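Peer 1: here you go, sequence then predicted model.
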Amino acid sequence: MLIPCPHCGTRPVEEFTFLGDATVIRPTSLEPSSMDDWMDYVYLRDNPRGNYAEYVQHSGGCRAWLVVTRNTGTHEVHSAVAAKAMKAKP
Amino acid sequence: MLRTSALQSVAIQGRFGADKGQPGLMLSVVHPLAIAMVIARKGKSKVLKDALATLKSVNVLWAGPDQYYVQSTVKSETALYIELKTKLANIASVTDQSHGRVTIRISGPKARAVLAKGTPIDLYTEEFPVGKSALTQMAHVGVHLTRTGNDEFTLSVFRGFSESFWEWLTSQSAEFGYQVG
């Protein structure tokens, strides 16, 4: 699997470290009533067949965090963008 | 102050490996070398780029997004660090890496063939021109690779990995014959 790092160019998957789902959003509340949201955020993940956005670190290269969208069925990589750039969006 | 290269006891001068004809490549340790890591502060990437362009008798190498290695063979490590710290105040964070990294120069007609055994980077001249730097891995060691000439590259690794990396590099070079200078 080849990942097009926006900083380094196309590199093999061996240079990267996968963290997991990039679509979950951290709850802001610390109230006991929000425990279900925290449970979802910390433990529960979808396991889709198809497109999946994941946090990936280019640990063997520029060390930047990326969000890589790939197809879990075919391993086709659709996009790799800097996580920093994603976060900057409102 | 006298500095000792981390590879002083292993990088022994001479001709090694295949002994027929000219050696395929030359290996040498670039020492002493003043190195500083420079990382742009938030929103200062353009300002930092311009500021780095005005520096004299240094080499500025890309080392990641908004990150650079500034190297100098003529300035002392302290002088380089203080100069950068002063000139780049509020623009970038500066860290002295002179003792933290070991830089090896590899040159000769077979240099590319040896590097290709370790890195997935396309080393073809048009893809990876002179002056370009890349971060990659060779033999599981993180390497900062720079092309300094058509058949000349510098490899920079963490000091603690340098001996192991040297062993790998020399064993890969043996089939071509190599000269340590």
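Peer 2: Done, it's in.
Peer 1: check contacts around A:V81.
Peer 2: Contacts of A:V81 were listed using CB atoms under 8 Å, 6 or more residues apart in numbering or on different chains, and they are A:6, A:66-67. To be clear about C-beta, it is placed using only N, CA and C from the backbone, and glycine gets the same treatment.
Peer 1: what does A:H58 give?
Peer 2: Contact analysis of A:H58 by CB under 8 Å, 6+ apart lists A:3, A:5, A:7-8, A:11, A:15-16, A:64, A:66.
Peer 1: so which of these are also by chain B?
Peer 2: Among the contacts of A:H58, the residues within reach of chain B (CB under 8 Å from any CB of the partner chain) are A:7-8, A:11, A:15, A:64.
Peer 1: so the nearest residue to B:G181 once chain neighbours are set aside is in which element?
Peer 2: Closest residue to B:G181 apart from its sequence neighbours, by CB to CB, 6 or more residues apart in numbering or on different chains: B:S28 at 4.6 Å. Element membership for B:S28 (DSSP states H and E) is strand B:25-30.
Peer 1: residues of chain B that sit close to chain A?
Peer 2: B:64-65, B:120, B:134-137, B:142.
Peer 1: show me which pair in these is furthest apart.
Peer 2: Taking CB to CB as the measure, the residues of chain B next to chain A span a maximum distance of 19.5 Å, between B:P65 and B:P120.
Peer 1: for the two, indicate the residue with more neighbours.
Peer 2: The residue with more neighbours, out of B:P65 and B:P120, is B:P65; 18 against 15, by other CB atoms under 10 Å in any protein chain shown.
Peer 1: that one and A:G61 touch, don't they?
Peer 2: No - using CB atoms under 8 Å, B:P65 is not in contact with A:G61, being 10.5 Å away.
Peer 1: now the common contact residues for those two.
Peer 2: Common neighbours of B:P65 and A:G61 (CB under 8 Å, 6+ apart) are A:H7.
Peer 1: what's the burial count for A:E54?
Peer 2: When counting by other CB under 10 Å, one arrives at 17 neighbours for A:E54.
Peer 1: distance of it from chain B?
Peer 2: 19 Å (CB to the nearest CB, to the nearest Å).
Peer 1: element containing that residue?
Peer 2: Here A:E54, judged by DSSP H and E, is contained in strand A:51-57.
Peer 1: buried stuff in that strand?
Peer 2: Buried residues in strand A:51-57, defined by neighbour count with 16 or more other CB atoms under 10 Å in any protein chain shown: A:52-57.
Peer 1: would JSON lines of those residues with distance to B:S164 and pLDDT be doable?
Peer 2: What follows is the buried residues of strand A:51-57, written out as JSON lines (distance: CB to CB, whole Å; pLDDT from 0 to 100):
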{"residue": "A:Y52", "distance to B:S164": "37", "pLDDT": "94"}
{"residue": "A:A53", "distance to B:S164": "37", "pLDDT": "94"}
{"residue": "A:E54", "distance to B:S164": "32", "pLDDT": "94"}
{"residue": "A:Y55", "distance to B:S164": "30", "pLDDT": "95"}
{"residue": "A:V56", "distance to B:S164": "27", "pLDDT": "96"}
{"residue": "A:Q57", "distance to B:S164": "23", "pLDDT": "97"}
